[in-house]
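K.L.:
Pasted the sequence and its predicted model underneath.
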Amino acid sequence: MSDGPEVRTRPEGLMGRLRVLLELVKFEHSVFALPYAYIGAIYGAATVAFAVPAIYPTPPPVPTPWVSLGHWPTWGALVWVTVAMVGARAFAFVVNRAVDKEIDARNPRTAARAVPAGFITAWELWAFAALMLAGYLVAVFQLAPLTHLLWPVPLAAFVVYPYLKRFTPLAHFWLGACLGLGAVGGWAAVGASLSDPTPWVFGAAVAVWTAGFDIIYATQDYDCDVRDGIHSIPADYGIAEGLVITRSLHAIAFLLFVLAGYFAGAGWAYYAAVLLAGILLAYENAIVRAHDLSRVDAAFFTVNGFVAVIVLAGVVADRLIAR
């Protein structure tokens with residue numbers, strides 16, 4: 001996934017090291033995944049059935065710690081979902097950076113990253129990873145009981161991901177599945193049933209969307225990947241073919257977002273947001289060409305960040321209108 005500017009000098013002092021660690025895990029890029037965890041939580045909360053105590057003649061429903069009587073996630077649930085997502089994602093980035101240290105060192109675009117450049121020691125890196133993992137685990141156990149059983153699943157997926165590019169170009173799709181788990185996790189976090197197809201279709205939409213924009217991102221490393229035997233869609237099949245695959249994936253993602261709205265019982269506000277997101281995806285694919293990769297950053301960072309936020313805004317508006 002994306003990086004942006006890297007730290008160029010060795011940091012001094014505690015705050016300097018902390019800045020490097022925050023830069024390393026790219027907290028600002030949570031905008032790609034966190035909105036979909038919120039989407040899962042918001043639509044999942046709408047499906048939760050409340051318990052009715054038998055001690056009253058006409059017993060009122062009792063809200064859960066994760067869902068209010070208005071069928072919205074509680075603020076507490078959203079806070080813990082945020083902590084869980086940020087912690088898991090930061091842990092995943094540390095693992096990815098550590099595993100890819102040698103690959104990054106050979107690539108001029110990534111050689112100045114904190115790990116290959118030696119700006120962070122191994123113990124600092126793994127201490128930070130342990131802190132993020134602890135935050136994730138604490139958050140998970142504040143959420144609905146199903147998450148207490150499922151917490152190893154995303155961690156296992158994150159640990160496997162950085163090794164896949166050494167063997168298969170399908171790593172893009174594995175990364176997509178990792179982000180897609182956010183929607184499923186948000187749904188389970190509020191106590192909604194995973195037998196409902198809605199979170200899985202949302203997760204599939206996110207997975208396909210992510211795989212598509214990760215292929216665009218991988219075009220930047222085409223020469224180094226071919227030289228070093230690193231697998232990606234562009235490196236294995238060519239940049240032009242990779243961009244064609246991205247267009248197809250984003251068309252499928254758009255259709256899956258529409259289908260997810262159908263399963264969620266969404267109204268016009270959601271579909272309007274998805275339509276706008278679809279237009280942005282079309283724009284993203286229009287500004288990147290095999291012979292002109294100068295706008296990859298604009299396609300990757302700006303457009304995809306807006307896509308996630310717009311779909312979330314559509315979900316919030318849809319639920320507000322439905323009240």
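P.N.:
That came in fine, so what should we check first?
K.L.:
Over to Val67: give its phi and psi.
P.N.:
Phi and psi for Val67, reported as degrees, to the nearest 10, are phi -140, psi 130.
K.L.:
Please give the number of neighbouring residues around Cys178.
P.N.:
The local packing of Cys178 (other Cβ atoms under 10 Å) involves 22 other residues. (C-beta placed from N, C-alpha, C; glycine too.)
K.L.:
pLDDT wise, what is it at?
P.N.:
Note for Cys178: predicted pLDDT of 94.
K.L.:
Burial check on the residue lying closest to Gly203 once chain neighbours are set aside, number of neighbours?
P.N.:
Nearest non-adjacent residue to Gly203, counting by Cβ to Cβ, 6 or more residues apart in numbering: Gly180, 3.6 Å away. Using other Cβ under 10 Å, Gly180 has 27 neighbouring residues.
K.L.:
Same question for Phe91.
P.N.:
24.
K.L.:
again, but for Ser294
P.N.:
Ser294 - counted by other Cβ under 10 Å - has 9 other residues nearby.
K.L.:
now swap in Ala49 and tell me
P.N.:
The number of residues packed near Ala49 is 11, by other Cβ under 10 Å.
K.L.:
who touches the residue nearest to Gly203 in this structure?
P.N.:
By Cβ atoms under 8 Å, 6 or more residues apart in numbering, the residues touching Gly180 are Tyr36, Phe202, Gly203, Ala204, Ala205, Val206, Ala207, Thr210.
K.L.:
where does the protein dip in pLDDT?
P.N.:
1-31, 51-60, 298-301, 323 (pLDDT under 70).
K.L.:
Could you verify that the residue nearest to Gly203 is part of a helix?
P.N.:
Yes. Under DSSP: H, G, I helix; E, B strand; the rest coil, Gly180 falls within a helix.
K.L.:
hang on, the earlier thing: which one of the contacts of Gly180 sits closest to Thr82?
P.N.:
Using Cβ to Cβ, Tyr36 comes nearest to Thr82 of those, at 12.6 Å.
K.L.:
helix/strand/coil for the closest one?
P.N.:
Of the three states, Tyr36 takes helix under three-state DSSP.
K.L.:
just checking, it touches Leu179?
P.N.:
Yes. Tyr36 sits in contact with Leu179 when judged by Cβ atoms under 8 Å, with a separation of 7.2 Å.
K.L.:
excluding its backbone neighbours, what's nearest Val315?
P.N.:
Of all residues not flanking Val315 in the chain, Ile39 sits nearest, at 4.9 Å (Cβ to Cβ, 6+ apart).
K.L.:
again with Trp126
P.N.:
Closest residue to Trp126 apart from its sequence neighbours, by Cβ to Cβ, 6+ apart: Val94 at 7.4 Å.
K.L.:
right, and that neighbour touches Phe128 too?
P.N.:
Yes. Applying Cβ under 8 Å, one finds Val94 in contact with Phe128, separated by 6.4 Å.
K.L.:
Which one's more surrounded, those two?
P.N.:
Set side by side, Val94 and Phe128 show more neighbours around Val94, with 25 against 22, by other Cβ under 10 Å.
K.L.:
buried ones in the helix or strand hosting that one?
P.N.:
For Val94, the host element (DSSP states H and E) is helix 75-99. Under the neighbour-count criterion of 16 or more other Cβ atoms under 10 Å, helix 75-99 has 77-78, 80-81, 83-97, 99 buried.
K.L.:
C-terminal to it, which secondary structure element comes first?
P.N.:
helix 101-105.
K.L.:
Show residues contacting that next one.
P.N.:
Arg97, Thr110, Ala111, Arg113, Val115, Pro116, Asp228, Ile230.
K.L.:
residues shared between the contacts of Tyr36 and Leu179?
P.N.:
By Cβ under 8 Å, 6+ apart, Tyr36 and Leu179 have these common neighbours: Val206.
K.L.:
if you count what's nearby, which of these two comes out ahead?
P.N.:
Between Tyr36 and Leu179, Tyr36 has the larger neighbour count (other Cβ under 10 Å), namely 29 against 25.
K.L.:
What distance do you get for that one to Val94?
P.N.:
22 Å (Cβ to Cβ, to the nearest Å).
K.L.:
How about Arg319?
P.N.:
35 Å.
K.L.:
now Ser248
P.N.:
Counting by Cβ to Cβ - Ser248 and Val94 are separated by 33 Å.
K.L.:
Ala41 too?
P.N.:
25 Å.
K.L.:
same question, Thr246
P.N.:
Between Thr246 and Val94 the distance is 28 Å, computed by Cβ to Cβ.
K.L.:
and what of Arg295?
P.N.:
Arg295 sits 30 Å away from Val94, going by Cβ to Cβ.
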